[in-house]
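Undergrad: Sequence first, then the predicted structure:
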Amino acid sequence: MRLTYQNYKRTTEGINQNRSQTTSVLSLDAKLINDWLGETEVKAEAYDSNTSSEDRNTETDLQRHSIEARNIFSWLAFSKNQRLYSYYKRQKEEGPAALNSVDWSERLELAFGKALSSSTRYTSRNLEAINQQHRTTRFRSWLEHRLYDSLTTRVHYSLQQNKHSAGHGNEWEQGILLDYTKKLPLKSSLSLGYSHSSGNTRQFNMDNRQGVNDELMAVKLSANILRNIDIIESSIVVYSQDRSILYEKNIDYEVVSIPGGRTELLFFRSNLSSAIALNDVLSIDYAFLTNRSIKYRTTTDGVSAQLTMWQQRLNVYFSYSQTDQELLSGVLDTAPLVEARNFLAGAEVRLEKHDFGVRYSYLDSTLSTDRSIHGFWHYTTGYRRGTLILRWENTYTVSQQNASTISVASDQLKTNVMMFHIDYKRIFNRILKMELTVTITIFAGMKMISRKSHSKQSLKRLFTS
């Protein structure tokens with residue numbers, strides 16, 4: 001058992017908005033190993049944070065209390081270890097969002113000899129926010145058979161039920177996956193795959209507006225796109241991952257609409273003084289528009305191939321998938337059903353100190369047509385008793401809004417983002433754990449939007465960051 005108390009203060013200065021955050025955390029961790037119960041871990045935490053902004057004269061308090069437990073119970077059957085994983089977490093938050101949640105999951109993994117195995121999982125999540133309630137339960141099960149080390153066959157079935165303040169819905173899905181691997185000379189291998197899934201979704205909504213709470217996003221240089229379409233821009237609220245910091249629009253981030261009814265967040269702009277860094281994880285709340293009451297079928301097919309040569313020094317791969325949705329009942333009064341074709345191909349080379357490669361992707365859907373090409377080069381070497389890492393990445397993307405979307409204009413968005421990253425790490429004293437880390441990231445980008453309306457007028461905008 002371990003009892004920990006932390007108190008620290010973090011300040012951000014030199015930008016348009018100066019922040020000061022004081023945080024205290026009291027946590028309890030306990031672990032118990034018992035022949036009857038298995039391995040059990042329990043964790044309780046009391047979190048208190050105060051964030052103030054001098055320029056805007058604002059102050060935000062956040063208190064959060066949580067308790068969670070994990071248990072792994074295993075036993076021997078069919079000469080194999082069988083396992084049952086259990087998880088429970090309850091969290092109550094008082095602050096800007098007042099978010100309370102209860103999570104519970106059970107996962108049973110069974111092995112019937114060397115070739116046959118299965119897994120069954122049940123998850124439940126209850127979420128309560130201001131004027132919102134959302135409950136999701138999901139059941140998923142799969143059965144897998146392995147023929148030697150070459151052919152793997154898996155069948156799966158899943159069922160999900162959603163209940164929220166504006167209505168309820170359910171969906172089920174079933175599918176099959178085939179994966180064949182062939183060993184080749186020169187320590188190489190060839191993998192071929194095929195997948196098929198189909199299922200139905202039914203929605204009963206009293207209102208065509210739905211809310212999303214605590215959607216997590218890892219910040220990238222570009223393509224920081226929210227999951228849903230037709231998002232109401234004024235409803236977007238961005239927090240830090242622990243929801244202790246409330247970020248502000250047009251200071252820490254910008255919101256832009258891109259082809260296909262999607263919404264993107266921009267962080268690295270010359271006109272922003274963002275306290276958000278690359279690879280930070282954000283928690284985002286928003287509302288989006290959806291159809292009231294409909295039922296539709298979704299079918300997805302996919303094929304893939306991968307050639308690995310010379311102990312994974314060369315890797316060539318491609319994949320293709322297509323998704324079709326068919327309306328069974330109801331009216332599409334807001335969001336259209338999706339038909340999509342997705343193609344991906346690339347190659348990577350891994351040497352002793354160098355890694356480089358290129359990837360091309362193409363997505364043609366009901367909403368938009370997207371093309372992108374991504375190239376990278378990584379270099380790792382020892383330098384003055386330390387480790388030096390150099391990384392260069394470049395991504396060029398073209399997105400075209402399709403005419404099938406409900407809009408009087410057809411937008412084409414072109415972006416090009418380049419990043420150069422230098423990371424140096426050196427350990428001076430292992431006993432005292434003295435370590436020096438220096439990180440420098442340089443990035444540049446260009447974006448151009450071409451808008452063609454029915455009157456054939458066009459507007460172009462170009463900027464760099």
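TA: Everything's here; your move. As the structure is a computational prediction, the values presented were derived from the model and not from experiment.

Undergrad: C-alpha from now on. contacts and neighbour counts both.
TA: OK.

Undergrad: give me phi/psi at residue 234?
TA: Backbone geometry at residue 234, expressed as degrees, to the nearest 10, gives phi -70, psi -10.

Undergrad: what about it, neighbour count?
TA: 10 (other Cα atoms under 10 Å).

Undergrad: Report the beta-bridge partner residues of the spatially closest residue to residue 115 that is not a sequence neighbour.
TA: Closest residue to residue 115 apart from its sequence neighbours, by Cα to Cα, 6 or more residues apart in numbering: residue 146 at 4.8 Å. As for beta bridges, residue 146 partners with residue 152 under DSSP bridges.

Undergrad: Report the contact partners of residue 146.
TA: When contacts are counted by Cα atoms under 8 Å, 6 or more residues apart in numbering, residue 146 touches 115-116, 152-153.

Undergrad: Out of the residues you listed, which is nearest to residue 36?
TA: Among the contacts of residue 146, residue 116 lies closest to residue 36 (Cα to Cα), at 26.7 Å.

Undergrad: What are the neighbouring residues in contact with the closest residue in space to that closest one that isn't next to it in sequence?
TA: Leaving aside its sequence neighbours, residue 116 sits nearest to residue 145 (Cα to Cα, 6+ apart; 4.6 Å). With contact taken as Cα under 8 Å, 6+ apart, residue 145 is in contact with 115-117, 152-154.

Undergrad: Format those residues as TSV; extra columns: neighbour count.
TA: Below are these laid out as TSV (neighbours: other Cα atoms under 10 Å):
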residue	neighbour count
115	13
116	16
117	17
152	18
153	17
154	18
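
Undergrad: can I get the residues you listed in a markdown table with distance to residue 246?
TA: Formatted as a markdown table, those follow (distance: Cα to Cα, whole Å):
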| residue | distance to residue 246 |
| --- | --- |
| 115 | 51 |
| 116 | 49 |
| 117 | 46 |
| 152 | 47 |
| 153 | 47 |
| 154 | 44 |
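
Undergrad: Number of residues surrounding residue 291?
TA: Residues near residue 291, counting by other Cα under 10 Å, number 20.

Undergrad: what separates it from residue 330, distance-wise?
TA: 9 Å (Cα to Cα, to the nearest Å).

Undergrad: Need the overlap of contacts for these two.
TA: Joint contacts of residue 291 and residue 330 (Cα under 8 Å, 6+ apart) do not exist.

Undergrad: Please report the confidence value the model assigns to residue 407.
TA: What the model reports for residue 407 is a pLDDT of 44.

Undergrad: ignore the last one, residue 272
TA: 75.

Undergrad: correct me, but it touches residue 248?
TA: No: taking Cα atoms under 8 Å as the definition, residue 272 is not a contact partner of residue 248, at 10.6 Å.

Undergrad: Would you mark the buried spots in whatever helix or strand residue 7 lives in?
TA: Element membership for residue 7 (DSSP states H and E) is strand 2-12. Of all the residues in strand 2-12, not one is buried under the rule 16 or more other Cα atoms under 10 Å.

Undergrad: Kindly report the same for stretch 57-76.
TA: Buried, per 16+ other Cα under 10 Å, within stretch 57-76: 61-74.

Undergrad: Show me which of residue 272 and residue 248 is the more surrounded one.
TA: residue 272 (18 against 15).

Undergrad: for residue 79, what are its contacts?
TA: By Cα under 8 Å, 6+ apart, the neighbours of residue 79 are residue 113.

Undergrad: Quick check: the gap between it and residue 113.
TA: 7 Å.

Undergrad: Same question for residue 383.
TA: 50 Å.

Undergrad: do residue 126 as well
TA: For residue 126 relative to residue 113 (Cα to Cα), the value is 37 Å.

Undergrad: between these two, who's got more neighbours?
TA: residue 126 (17 against 11).

Undergrad: Quickly list what the more buried one is bridged to.
TA: As for beta bridges, residue 126 partners with residue 102, residue 135 under DSSP bridges.

Undergrad: which ones are touching it?
TA: Counted by Cα under 8 Å, 6+ apart, residue 126 has contacts 101-103, 133-136.

Undergrad: same thing but at 7 Å, please
TA: Residue 126 makes contact with 101-103, 134-136, according to Cα atoms under 7 Å, 6 or more residues apart in numbering.

Undergrad: How about whichever strand or helix holds residue 41, which residues are buried there?
TA: Assigned by DSSP H and E, residue 41 belongs to strand 38-53. Across strand 38-53, burial judged by 16+ other Cα under 10 Å covers 39-53.

Undergrad: a markdown table for the buried residues of stretch 57-76, including distance to residue 359 and pLDDT?
TA: Below are these laid out as a markdown table (distance: Cα to Cα, whole Å; pLDDT from 0 to 100):
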| residue | distance to residue 359 | pLDDT |
| --- | --- | --- |
| 61 | 45 | 84 |
| 62 | 43 | 83 |
| 63 | 45 | 88 |
| 64 | 43 | 88 |
| 65 | 44 | 93 |
| 66 | 42 | 93 |
| 67 | 43 | 95 |
| 68 | 41 | 95 |
| 69 | 42 | 96 |
| 70 | 40 | 96 |
| 71 | 41 | 95 |
| 72 | 40 | 94 |
| 73 | 43 | 92 |
| 74 | 42 | 90 |
